[in-house]
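Participant: sequence plus predicted model, see below.
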Amino acid sequence: MPKKILLPIFAAISTALFSATSIAGTPVDFSSQDWQVACDNTRTCRLAGYQADSNSELPVSLLLVRRAGANATIDGQVKLGGAKESSAKALMQLGNRHRISLFINNVDYGETRPFSAAAGYAELTSAQVTALLEALTKSSKIELVIRNTRWQLSDKGSNAVMLKADEAQGRVGTPSAFIRDSITKSNSSVLAPKAIPSIQLVTPNPQATSSSKKKFAMRASELSKIMKNTMSDVDTDCPNLSDKSPWRVSRLNSRQLLAQHDCWTGAYNIGIGVWVLNDSKPYKPTLVTTGATDYNSGKITSVQKGRGIGDCLSKTEWLWTGKNFEKSHESTTGLCRMIAAGGAWQLPTHVTEVKISR
């Protein structure tokens, strides 16, 4: 079977997938050439740019973060990739004392703030952010320099992702827009930030006594049969549903069970199916995901690689609320550009504040 990848930004992006992003404030996950943007459910937008795909010997990534609201500032961070030998040698010579300078069209815009070894990036000054935003709206040569080594940031695709961020935050046509072709509205029309939604994690009780006083018992073939009805295309979503791998069933509370079964195996990813069902008729199974990689104490996690070397990932989490599983987090680490093992950044499209109830 072909490898299964749950990473929308790592492959060619369907225009149909993003038709909803034309509505201001809708979470966004969009990429164009060497740039991408992710706007989460609070309307915070993160724009990430990279070196050209043909210039992988010196990988680099720039992150611009802007929250919603008329007066929101823009923060910038830069990360120099050490995954390639040529880049790693340049960084190794300097240890943790990187002094990164920004050059735009061969003009020196000074050093970034001190490199943070713990965070793995350096923050840009406000003057550098301003200069970069101007440069990205037109064809520019952008370089991050340490001594004699130059990491070149691509500007290809930056206009498209900046416009997408403007749409998501309601900035199109306002003075605060990234792309200001014409000013037709005031900043008072810019959308305000949304509050982070709260989600309550209820710790399951695997030792709970069934309310029916009966022990749950069902053949594997019967379980597979009722679970098929939760999917529109079982051959695609969970081709291993009817194989001989065991079902793993645990109790969530006195009435509900958690059932897991291996669904698919790809070249470098796996997917586990997770369902919630009643412990007696009517079972009413509900599918949570067919792409899980871990389950622990009420938390389902899916972590998938964008490619085998693991320089880009996607992550989704669901939490048990006492009645069902709700999505608590969704993010990617950016494009697969050899910036760092595990990816360059955290680019969420869904965030929550988690409260724990036992």
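Facilitator: Looks like it came in fine. Numbering: from 1, shown residues only.
Participant: where does pLDDT dip in the stretch 251-358 of the chain?
Facilitator: Where the stretch 251-358 of the chain drops to pLDDT under 70, the residues are 358.
Participant: which stretches of it form strands?
Facilitator: Counting by DSSP state E, counting those that start in this stretch, one finds strands in the stretch 251-358 of the chain at the ranges 256-265, 270-278, 286-292, 294-296, 299-305, 313-320, 325-332, 347-350, 353-357.
Participant: turn these into a markdown table, columns for mean neighbour count and distance to residue 79.
Facilitator: Every residue, glycine included, has its C-beta placed from N, CA and C. Formatted as a markdown table, the strands of the stretch 251-358 of the chain follow (neighbours: other Cβ atoms under 10 Å; distance: least, Cβ to Cβ, whole Å):
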| stretch | mean neighbour count | distance to residue 79 |
| --- | --- | --- |
| strand 256-265 | 20 | 32 |
| strand 270-278 | 21 | 29 |
| strand 286-292 | 21 | 28 |
| strand 294-296 | 12 | 27 |
| strand 299-305 | 20 | 19 |
| strand 313-320 | 22 | 15 |
| strand 325-332 | 21 | 15 |
| strand 347-350 | 20 | 13 |
| strand 353-357 | 11 | 27 |
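Participant: can you add distance to residue 75 and give those strands back as CSV?
Facilitator: Output for the strands of the stretch 251-358 of the chain, formatted as CSV (distance: least, Cβ to Cβ, whole Å):
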stretch, distance to residue 75
strand 256-265, 39
strand 270-278, 36
strand 286-292, 32
strand 294-296, 32
strand 299-305, 27
strand 313-320, 22
strand 325-332, 18
strand 347-350, 14
strand 353-357, 21
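Participant: nearest to residue 189, out of these?
Facilitator: strand 347-350 (23.8 Å; Cβ to Cβ).
Participant: for that closest one, which helices and strands make contact with it?
Facilitator: strand 35-39, strand 45-50, strand 325-332 (3 or more Cβ pairs under 8 Å, 6 or more residues apart in numbering; DSSP states H and E).
Participant: quick one, what contacts the residue nearest to residue 35 when sequence neighbours are not counted?
Facilitator: In this structure, residue 35 finds its nearest non-sequential neighbour in residue 157, 3.8 Å apart by Cβ to Cβ, 6 or more residues apart in numbering. By Cβ atoms under 8 Å, 6 or more residues apart in numbering, residue 157 lies in contact with 31-36, 49.
Participant: which ones are touching residue 70?
Facilitator: 174, 176, 187-188, 190.
Participant: now the buried members of those residues.
Facilitator: 174, 176, 190 (16 or more other Cβ atoms under 10 Å).
Participant: shouldn't the second one be in contact with residue 187?
Facilitator: Yes. Taking Cβ atoms under 8 Å as the definition, residue 176 is a contact partner of residue 187 at 5.1 Å.
Participant: ok, the residue lying farthest from the centre of the chain to residue 285 distance?
Facilitator: Distance from the C-alpha centroid of the chain peaks at residue 213, with 43.3 Å (Cα atoms, centre = their mean). Distance, residue 213 to residue 285, using Cβ to Cβ, to the nearest Å: 22 Å.
Participant: same thing with residue 67?
Facilitator: For residue 67, the distance to residue 285 - Cβ to Cβ - is 40 Å.
Participant: looking at the strands of the stretch 251-358 of the chain, which is nearest to residue 125?
Facilitator: strand 347-350 (22.9 Å).
Participant: show me the helices in the stretch 1-150 of the chain, by range?
Facilitator: 85-92, 126-136 (DSSP state H, counting those that start in this stretch).
Participant: of the ones you listed, which shows the lowest average pLDDT?
Facilitator: Lowest mean pLDDT within the helices of the stretch 1-150 of the chain: helix 85-92, at a mean of 67.
Participant: contacting residues for the closest residue to residue 138 other than its chain neighbours?
Facilitator: If you skip the residues right next to it in sequence, residue 138 has residue 155 as its closest partner in space, 8.0 Å away by Cβ to Cβ, 6+ apart. Taking Cβ under 8 Å, 6+ apart, we find residue 155 in contact with 34, 49, 135-136, 138-140, 142.
Participant: got the buried residues for stretch 60-79?
Facilitator: 60-70, 72, 74, 76-79.
Participant: re earlier: look up phi and psi at the residue nearest to residue 35.
Facilitator: Phi and psi for residue 157, reported as degrees, to the nearest 10, are phi 100, psi -10.
Participant: next one: residue 189
Facilitator: phi -90, psi -10.
Participant: and for residue 225?
Facilitator: Per degrees, to the nearest 10, the backbone of residue 225 is at phi -70, psi -40.
Participant: run a quick neighbour tally on it.
Facilitator: 13 (other Cβ atoms under 10 Å).
Participant: contacts only, for residue 312.
Facilitator: By Cβ under 8 Å, 6+ apart, the neighbours of residue 312 are 7, 10, 305-306, 332-337, 343-344.
Participant: and those as CSV, adding distance to residue 280?
Facilitator: Output for the contacts of residue 312, formatted as CSV (distance: Cβ to Cβ, whole Å):
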residue, distance to residue 280
7, 39
10, 43
305, 40
306, 42
332, 40
333, 43
334, 46
335, 48
336, 47
337, 52
343, 44
344, 49
